[in-house]
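Asks: give me the fold of what follows.
(one chain, ligands or ions: 2)
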Amino acid sequence: MSNSPMRVVVLISGSGTNLQAIIDGQQDGSLPIKIAAVISNKPDVKGLQRAETANIATAVVDHKQFESRESFDAALQLEIDKHQPQLVVLAGFMRILTPAFTAHYAGKMLNIHPSLLPKYQGLHTHQRAIDAGDSIHGVTVHFVTAELDGGPAAIQAQVKIDSNDTADTLAAKVQVQEHIIYPLAVKWFAEGRLHMQANQAWLDGKALPPCGHLLAVES
Ligand SMILES: Nc1nc2c(c(=O)[nH]1)N[C@@H](CN(C=O)c1ccc(C(=O)N[C@@H](CCC(=O)O)C(=O)O)cc1)CN2
Ligand SMILES: NCC(=O)N[C@@H]1O[C@H](COP(=O)([O-])[O-])[C@@H](O)[C@H]1O
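Replies: Ligands and ions are numbered 1, 2, ... in the order given. From the prediction side, this is the model:
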């Protein structure tokens, strides 16, 4: 394993609480990484302020300035690849990415999704779990593929849904777990313990779990 920190680029769209958890891990030395840049598809979001406070380079590639997803993704890829990252982290990044883009970063792009995938791909996951009458909900860190929120899972964490939970109170429970498991997934990837192919073999029932596993967590 290399002694030099792994170069990471983080993509955001908003508040950046997951970004902050990863910044904190870089700064306290628990994550052997260097965040080379934080790139947002929206200007003036809090996540950009978090990066600037941490003296991390920032950029905005505003999707509204592009005629198509393909042209936006091409510009985003150019911005990312200036930094030659070993890992791209989607942290509250809210744009669906094209197959060409996800293929370019295959096996080295992670996302955090607020549900126990494969349940509730897409948006509004907390309300959907409440409306379905689920008693358990959670969060998944997964590799990003062309299939929206369909890539191999790496780590999951569970939370209980209480009868008085709303989408907001459930989101708050889930976010606590997000800030635990996302830095852990980044650490495992940096240590060479997280591989998309190995995880896919596990999901296909052809291998034991490589290192991703379900963290059963009391809410
Ligand atoms: N090809 C892929 N793209 C993305 C993935 C993925 O797995 N494959 N993960 C998502 C993250 N995500 C949920 O975790 C997600 C983000 C955005 C959307 C969505 O419907 N976006 C809309 C715009 C919504 C908005 O701007 O508020 C859109 O792009 O039209 C669904 C799921 C990141 N991309
Ligand atoms: N589909 C992606 C998605 O919904 N991501 C969600 O955005 C929230 C804000 O993240 P942030 O505080 O890190 O910006 C997080 O709860 C994350 O699960």
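Asks: bridged to the most centrally placed residue in the chain, which residues?
Replies: Nearest to the geometric centre of the chain sits Asn111, at 2.6 Å (CA atoms, centre = their mean). With DSSP bridges applied, Asn111 shows beta-bridge pairing to Leu90, His142.
Asks: tell me the secondary structure for the closest residue to Ser13 other than its chain neighbours?
Replies: Spatial nearest neighbour of Ser13, excluding adjacent residues (CB to CB, 6 or more residues apart in numbering): Met94 at 4.0 Å. Where you see a C-beta, it was placed from the backbone N, CA and C, and this is true even at glycine. Three-state call for Met94 (DSSP: H, G, I helix; E, B strand; the rest coil): coil.
Asks: surely Met94 meets Asn41?
Replies: Yes - between Met94 and Asn41 there is a contact at 7.4 Å, judged by CB atoms under 8 Å.
Asks: of these two, who's got more company?
Replies: Asn41 (21 against 13; other CB atoms under 10 Å).
Asks: quick check: residues of the protein near ligand 2?
Replies: Within reach of ligand 2 by CB under 6 Å from any ligand atom, the chain has these residues: 12, 14-19, 47, 91-92, 112-114, 175, 178.
Asks: was I right about the residue nearest to the centre of the chain contacting Gly150?
Replies: No - with contact defined as CB under 8 Å, Asn111 does not count as touching Gly150 (10.6 Å).
Asks: any idea of the mean pLDDT for stretch 27-47?
Replies: The average pLDDT within stretch 27-47 is 98.
Asks: circling back to that earlier point, so for the residue nearest to the centre of the chain, what's the pLDDT?
Replies: Asn111 is given a pLDDT of 98.
Asks: now for Lys173, how many residues are close by?
Replies: So Lys173, with other CB under 10 Å, has 21 neighbours.
Asks: hang on, it in a helix?
Replies: Yes - counting by three-state DSSP, Lys173 is found in a helix.
Asks: ok, it to ligand 1 distance?
Replies: 17 Å (CB to the nearest ligand atom, to the nearest Å).
Asks: joint contacts of Met94 and Asn41?
Replies: Residues touching both Met94 and Asn41 (CB atoms under 8 Å, 6 or more residues apart in numbering): Ser13.
Asks: circling back: pull the most distant pair out of the residues of the chain next to ligand 2.
Replies: Gly47 and His113 (17.4 Å; CB to CB).
Asks: okay, these two: which has more neighbours?
Replies: Using other CB under 10 Å as the criterion, Gly47 and His113 rank with Gly47 on top: 27 against 23.
Asks: quick check: phi and psi at the more buried one.
Replies: phi -60, psi -30 (degrees, to the nearest 10).
Asks: give me the pLDDT value at the closest residue to it other than its chain neighbours.
Replies: Leaving aside its chain neighbours, Gly47 sits nearest to Gly16 (2.5 Å; criterion: CB to CB, 6+ apart). At Gly16, the predicted lDDT confidence score is 98.
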